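J.: below are the sequence and a predicted model; questions follow.
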Amino acid sequence: MPGQRLKSIGVWCYAIVLYGFIFLPVGVLVLFSFQDGRLPIMPFKGPTLKWYEAVLSDSRLMDSMINSLLVALSSSVVAVFLGFLAAYGLARSYLPAKGFQRALLTAPLTVSYLIIALGLLIMFNALGVASSLWTIGIGHVVINTPLCFAIMYSQMGDHQITIERAAHDLGASDFQTLWLITAPMMMPSILASFFLSVTFSWDEFIIAFLLSRFDVTLPVEIWGMLRSGLNPKTNAAGSLVFLISVGLLILAELLVFRKVKKQ
């Protein structure tokens, strides 16, 4: 029917405009990372991989990339662990003002990263703690723990309580029930929380900038490169950050979300 066909065309046009608006800046970034020239401007000359070779041979960029991976992985493990314990405690225990405690745990999700970073910076200075990768990791735990808690708390249903009670009736201790029953049942949400935390930590800039000193993460190092102006090497570094983030999301889709859909 003509009306149905027009509706379908309109939906496709809207989708193309929407995704184009979102991904066009990234597409331009990736395109000019292959520019065979000093300036990322038209006309396009290339393609060439020399800027990626320059990034991979830059020791400072590689060190900052390793720093980013270490901070992202370690802070995500801690955030998932704390978020899981908080979600389990609120979902399985009768605590006073449970709704207020839940709101308090998720409150950092509504606070600007700048405010959190400034608060942490003031606190660390008052305690005499020098800025380092450790302080960056603590900052990322602060912003990712509420996210992990919200994801895992939403997946703790009544059917799991029945299985946990059955495990207790069969002689399992609280720790055995948590480790052998609850954690495996919650594994999709645990993995989803972990991958999202790694993604957010990997390309986070504000907290990493304010809480770092000599050892910096990749976004901070790229910002330092941008102060000298745009060039294809900067585009190549930014493209690597984007591609690694996309790779993490694809891995999460293959390992977590696809299994959830099958279930």
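T.: Okay, I see it.
J.: for this protein, what helix or strand is lowest in average pLDDT?
T.: helix 258-262 (a mean of 54; mean pLDDT, DSSP states H and E).
J.: which pLDDT value goes with Met1?
T.: At Met1, the model reports a pLDDT of 61.
J.: again, but for Ser112
T.: 88.
J.: neighbours around it, how many?
T.: Using other CB atoms under 10 Å, Ser112 has 9 other residues around it. Where you see a C-beta, it was placed from the backbone N, CA and C, and this is true even at glycine.
J.: quick check: phi and psi on it?
T.: The phi/psi pair for Ser112 (degrees, to the nearest 10) reads phi -60, psi 140.
J.: relative to Gly224, how far out is it?
T.: Separation of Ser112 from Gly224 (CB to CB, to the nearest Å): 23 Å.
J.: cool, and Pro96?
T.: 49 Å.
J.: more neighbours, the two?
T.: A count of neighbours by other CB under 10 Å puts Gly224 above the other of Pro96 and Gly224, at 13 against 6.
J.: secondary structure element holding the more buried one?
T.: helix 218-226 (DSSP states H and E).
J.: just the residues contacting that helix, thanks.
T.: 60-61, 64-65, 67-68, 202-205, 208-209, 212, 216, 231, 233-234, 237-238, 241 (CB atoms under 8 Å, 6 or more residues apart in numbering).
J.: filter the residues you listed to the buried ones?
T.: Buried by 16 or more other CB atoms under 10 Å: 61, 64-65, 67-68, 202-204, 208-209, 212, 216, 231, 233-234, 237-238, 241, out of the contacts of helix 218-226.
J.: those residues in helices, which ones?
T.: Here DSSP state H is the test, and those give 61, 64-65, 67-68, 202, 208-209, 233-234, 237-238, 241 as lying in helices.
J.: before we move on, which element is Thr48 in?
T.: Following DSSP H and E, one finds Thr48 outside all helices and strands.
J.: now do the SS call for the closest residue to it other than its chain neighbours.
T.: Spatial nearest neighbour of Thr48, excluding adjacent residues (CB to CB, 6 or more residues apart in numbering): Asp36 at 4.2 Å. Look at Asp36: counting by DSSP: H, G, I helix; E, B strand; the rest coil, its state is coil.
J.: how about Val71, secondary structure?
T.: Secondary structure, three-state DSSP: Val71 is helix.
J.: how far away is it from Tyr113?
T.: The span separating Val71 from Tyr113 equals 15 Å under the rule CB to CB.
J.: these two: which is more packed in?
T.: Val71 (27 against 18).
J.: correct me if wrong: the more buried one contacts Ser132.
T.: No - using CB atoms under 8 Å, Val71 is not in contact with Ser132, being 10.3 Å away.
J.: quick one: mean pLDDT over stretch 198-211.
T.: Here the average pLDDT along stretch 198-211 is 89.
J.: for stretch 242-256, that is, sorry about that
T.: The pLDDT scores in stretch 242-256 average 74.
J.: again with stretch 216-235
T.: On average, stretch 216-235 scores 79.
J.: gap between it and the chain center?
T.: The chain centroid and the centroid of stretch 216-235 are separated by 20 Å, computed with CA atoms, centre = their mean, to the nearest Å.
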